[in-house]
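**Student:** Below: sequence and its predicted model.
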Amino acid sequence: MSVNWALPFEEKLIPPGYEGKVVPPSVYQAVHKVLTDNYKEYWESVAKELEWFKPWEKVLDDSRPPFYKWFVGGELNLSYLAVDRHAKSWRKNKAAIIWEGEPIEDGKPKEVRVLTYGDLYREVNRVAYMMRHVLGLKKGDTIAIYMPMVPELPIVMLAAARLGVIFTVIFSGFSAQALADRINDSKAKVLFTADGSWRRGKVVPLKEIADKALESTPSVQKVVVLRRIGNNVNMVSGRDYYFDELLKDVPQNVYVEPERVKSEDPLFILYTSGTTGKPKGIVHDTGGYATILHATMKYVFDVRDTDVYWCTADIGWITGHSYIVFGPLLEGVTEVMYEGAMDYPEPDRWAAIAERYGVTILYTSPTAIRMFMRYGESWVTKHNLRSVRIMHSVGEPINPEAFRWFLKVVNPNAVFGSTWWMTETGGIMISHAPGFLLVPMKPGTNGPPMPGVDADVLNDQGNPVKDRERGYLVIRKPWPGMPLTIWGDDERYVKTYWSKFQGVFYPGDFAVKDEDGYFWILGRADEVIKVAGHRLGTYELESALIQHKAVAEAAVVGIPDPVKGEVPVAMVVLKQGYHPSEELKRELNSWVREQVGPIASFADIKFVTKLPKTRSGKIMRRVIKAVLTNAPLGDLTTLEDETSVEEIKRAYEELRKEIS
Ligand code: WTA
């Protein structure tokens, strides 16, 4: 658990101008209770606000828990909802995406592209046509997408959604190995990638990385390469095609009728890290997913046609799927999309962008905020950001200090919250809801659960804890946007999320609830590490380490970091004949970066002669963490293993001696 700051339970902030609009938490709780007790009716009323080709026969099929199906019998299409609907309306000539590339020339962004809903409609149709007629893709096929943050990325996702083709996006910071694993698990037929992408002024050679992955991905028949950089890349004849060449002969105004997709048909797979084992392919449906996005865009972001919305995430993660691609476009919002690093070439790049386009809604991460804080407030205050009226953060707990600072330097009149949710939930679950009923803010809290979301905090025995007591976060009732399953592994889905406590969803987070019904998510209760908000499993890092010839055993834990929230540290036992050295450290670090991707960088690697283990051979990560952070062992009464308190203490002391 990474949080160790005091929680300001009592502090209540009401943004100036909201005095009359803010409701007391008790009122919120009463309304929330009615809607959540009647959750099927509530979610049905939200779903009715979307346009369906065919209405559902049943709101929720709960005959086979936990494999819930929402809006059964209903048919819809997300590409139709996000694009056609607006292109047919007055929004046709409204900006959908204002895209800014990373490169700067003469102090100005070198490339800015504005795509209206009409433009988006044209491009999505053309790419869908190309997918169907040139690549031969059809409903139910899977494709993989490994692309930079350029408009073609959402266009490819929307085109796939139009055809009912299931897509899996792989974050462009992942390595060849990670890409290959995800392609193989999803059995993707086509890979969409690019010749490269810009990151901090340097080219990330995406095609080169993809080529390495493609050596071991037999399912991929064709590769489509977007020219983003214009560099020379290796093109395999009969397999690789340039995006623009495939589109050359597709008419500008071609129309591809959107598939009538069933509500419970899969829309996408997104791989995410868990406690053990390889990454899990979380499968999301279509109708439930659309419904939670619509509800949260309305309630959490309070979007209006006059807004300029900016979510600074990368589309490679769930936040980008839900709150750059599908959520905002469903609502017909004008949004900013930015290609590169927030602090490149100067620390105020992000603030310059927010000012340039008059951003009114800003969705970013605690890591980014803490980084801005380090650079100092003058980088922010030299820009006028008073246009921002709503801000939220996501991905990890936000410390009250960072919360207060960001609110002050951006706009003290804004609403500011920390939205809790995860890849698995599809959309935001716990958050302040200025578009619904706003309750007072508290620095660092996630606020109350959204309407229809039945959240609670339980102890080890599965009983609700008292207010302000730490326990495990759970969601009791099914909600639209929940996973269909883990791709190809129903059993693992049940085991991971629905088995710790009978019949309720277990996200894997520690939380406390206060007397106002606000939740404070404290961090992961399992071995997932959140590095700069990015989710990494200890397993992925450890298995990369032990594939190195010098490594006999390895254990990885996350330790607190003032900017990134958490950073991974490795403990490594070397094989006979290998000796600890700085050089080997460097080698292991770059080895893992190669295996997993640049996001997997160790803050430190420590060589030890043995790892602390339980009798059954489980690594005692708690011991490692305590030693590394110089902290006491804490409560040892709830041991998951038969190992005695004495053994743990001994292991702790031994490791301490060895490390010092
Ligand atoms: C953490 C990201 C505290 C949490 C959308 C969760 C948060 C994991 C918050 C999911 C928040 C996300 N406050 N913790 N506002 N938002 N988390 O799947 O530990 O990348 O379980 O989804 O991020 O990470 P994921």
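**Tutor:** Everything's here; your move.
**Student:** buried sites along stretch 194-211?
**Tutor:** Within stretch 194-211, the residues that qualify as buried are 194-199, 204-207, 209-211, counting by 16 or more other CB atoms under 10 Å. (Glycine included, C-beta is placed from N, CA and C.)
**Student:** same thing with stretch 30-41?
**Tutor:** 32, 35-36, 39.
**Student:** same check, this time on stretch 18-27
**Tutor:** Of the residues in stretch 18-27, those buried by neighbour count under the rule 16+ other CB under 10 Å are 18, 22, 25.
**Student:** List every C-alpha atom in it, with coordinates, as CSV.
**Tutor:** This file holds the C-alpha atoms of stretch 18-27, laid out as CSV (Å, rounded to 0.1, in the frame of the first residue of the first chain):
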residue,chain,number,x,y,z
TYR,A,18,-21.2,26.5,-6.3
GLU,A,19,-22.5,27.6,-2.8
GLY,A,20,-26.1,27.2,-3.8
LYS,A,21,-25.6,24.1,-5.9
VAL,A,22,-23.7,21.8,-3.5
VAL,A,23,-25.8,19.4,-1.6
PRO,A,24,-25.0,17.9,1.8
PRO,A,25,-23.6,14.4,1.7
SER,A,26,-26.7,13.1,3.5
VAL,A,27,-28.9,14.3,0.7
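**Student:** Name the surrounding residues that touch that stretch.
**Tutor:** Judged by CB atoms under 8 Å, 6 or more residues apart in numbering, the contacts made with stretch 18-27 from elsewhere in the structure are 14, 415, 434, 437-440, 448, 516-518.
**Student:** how about the residues of the stretch 351-500 of the chain near the ligand?
**Tutor:** The stretch 351-500 of the chain comes close to the ligand at residues 394-397, 418-423, 446, as judged by CB under 6 Å from any ligand atom.
**Student:** Which secondary structure element of the chain has the lowest mean pLDDT?
**Tutor:** Confidence across the helices and strands of the chain bottoms out at helix 645-659, with a mean of 83, counting by mean pLDDT, DSSP states H and E.
**Student:** other SSEs contacting that one?
**Tutor:** Here helix 645-659 is seen to pack against helix 621-628 when contacts are counted using 3 or more CB pairs under 8 Å, 6 or more residues apart in numbering; DSSP states H and E.
**Student:** still on that earlier bit, can you flag the buried ones in the contacts of stretch 18-27?
**Tutor:** Neighbour-count burial within the contacts of stretch 18-27 applies to 415, 434, 437-440, 448, 516-518; the criterion is 16+ other CB under 10 Å.
**Student:** out of those residues, who's nearest the ligand?
**Tutor:** residue 518 (12.1 Å; CB to the nearest ligand atom).
**Student:** Might you report the residue contacts of that closest one?
**Tutor:** 25, 439, 442, 445-448.
**Student:** Now it: closest residue in space that isn't a chain neighbour?
**Tutor:** The shortest distance from residue 518 to any non-neighbouring residue, by CB to CB, 6 or more residues apart in numbering, is to residue 445 (4.7 Å).
**Student:** Can you give me the buried ones in stretch 52-71?
**Tutor:** Buried residues in stretch 52-71, counting neighbours by 16+ other CB under 10 Å, are found at 52, 56, 59-61, 66-71.
**Student:** Please identify which of these is nearest to residue 129.
**Tutor:** Within those, proximity to residue 129 (CB to CB) peaks at residue 52, which comes in at 24.4 Å.
**Student:** follow-up on the earlier one: quickly name whichever of the buried residues of stretch 18-27 is closest to residue 471.
**Tutor:** Nearest to residue 471 among the buried residues of stretch 18-27: residue 25, at 19.9 Å, using CB to CB.
**Student:** one step back: in strands, which of the residues of the stretch 351-500 of the chain next to the ligand fall?
**Tutor:** Secondary structure assignment (DSSP state E) places 394, 418-419 from those within strands.
**Student:** I'd like the residues you listed as a markdown table, with pLDDT appended.
**Tutor:** Written out in a markdown table, the entries for these read as follows (pLDDT from 0 to 100):
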| residue | pLDDT |
| --- | --- |
| 394 | 97 |
| 418 | 98 |
| 419 | 98 |
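**Student:** Would you format those residues as a markdown table with neighbour count included?
**Tutor:** Shown next, in a markdown table, are these (neighbours: other CB atoms under 10 Å):
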| residue | neighbour count |
| --- | --- |
| 394 | 26 |
| 418 | 28 |
| 419 | 24 |
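**Student:** related to what we said a few turns ago, in TSV, list the buried residues of stretch 30-41 along with distance to residue 500.
**Tutor:** Below are the buried residues of stretch 30-41 laid out as TSV (distance: CB to CB, whole Å):
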residue	distance to residue 500
32	25
35	27
36	22
39	22
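**Student:** Mind listing what's buried along stretch 618-628?
**Tutor:** Under 16+ other CB under 10 Å, the buried positions of stretch 618-628 are 619-628.
**Student:** Stretch 340-351 too?
**Tutor:** Judged by neighbour count using 16+ other CB under 10 Å, the buried positions of stretch 340-351 are 340, 342-344, 347-351.
**Student:** Could you tell me which of the residues you listed are located in strands?
**Tutor:** Among the buried residues of stretch 340-351, DSSP E puts none in strands.
**Student:** if we take the residues you listed, which one ends up nearest to residue 163?
**Tutor:** Minimum separation from residue 163 among the buried residues of stretch 340-351 (CB to CB) is found for residue 340, which lies at 30.5 Å.
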